[in-house]
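Visitor: show me the folded form of this:
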Amino acid sequence: MNTYSGVHSDQEWYQVSKNGEGFDPSPSLAIVNHSPDGFSWGYGGSGPNQLGFAILLEEVGQMPALQYYRQFTQEVIAHLSNEWTLTTGDITEWIGTKVKKKYQLKCYLKLNSAICQINPGIHFFSGIHKITFFRKALNPGPL
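Guide: Alright, predicted model coming up:
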């Protein structure tokens, strides 16, 4: 599980870390370049969009990140305070509500795993990690 945190004050420009280490924007900038100057949050702009995309890219992969990062930025990143923390669990929970709504997932647990049905009638089996479940839900592909 990853933990993302940020701090912003008069003394520190927007500092973002992932698991206690500096969070590098370059992988996200190579795909979507909203803010070459770095991340920011607390409003809806280029820096927050870059942060929203970078976090989703790390957590759910490129295609779902491209699909959901603007909404993630509007609903989550734009409302972060000067000091914040987000975990993989927080992000998975947020994206899960979007996936369930979009694909009308019906899921149940069996032996610590999730078995889901995407209407109409597509079934898939996920591992015990929620993030695996949501990657498969967003990119169902061949079974």
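Visitor: against Trp84, how distant is Pro36?
Guide: Pro36 is 23 Å from Trp84, where distance means Cβ to Cβ, to the nearest Å. Just so you know, the C-beta spots here come from the backbone N, C-alpha and C atoms, and that holds for glycine as well.
Visitor: which one's more surrounded, these two?
Guide: Higher neighbour count among Pro36 and Trp84: Trp84, with 17 against 10, using other Cβ atoms under 10 Å.
Visitor: kindly export whatever helix or strand the more buried one lives in (C-alpha atoms) in PDB.
Guide: Element membership for Trp84 (DSSP states H and E) is strand 83-87. What follows is strand 83-87, C-alpha atoms only, in PDB (Å, rounded to 0.1, in the frame of the first residue of the first chain):
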ATOM      1  CA  GLU A  83      -1.000  19.300   4.700                       C
ATOM      2  CA  TRP A  84      -2.600  16.000   3.500                       C
ATOM      3  CA  THR A  85      -2.300  12.300   3.200                       C
ATOM      4  CA  LEU A  86      -3.900   9.900   0.700                       C
ATOM      5  CA  THR A  87      -3.400   6.100   0.800                       C
END
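Visitor: residues in contact with the spatially closest residue to Ser28 that is not a sequence neighbour?
Guide: Nearest residue to Ser28 in three dimensions, chain neighbours excluded: Ala54, at 3.7 Å (Cβ to Cβ, 6 or more residues apart in numbering). By Cβ atoms under 8 Å, 6 or more residues apart in numbering, Ala54 lies in contact with 23, 25, 27-28, 39.
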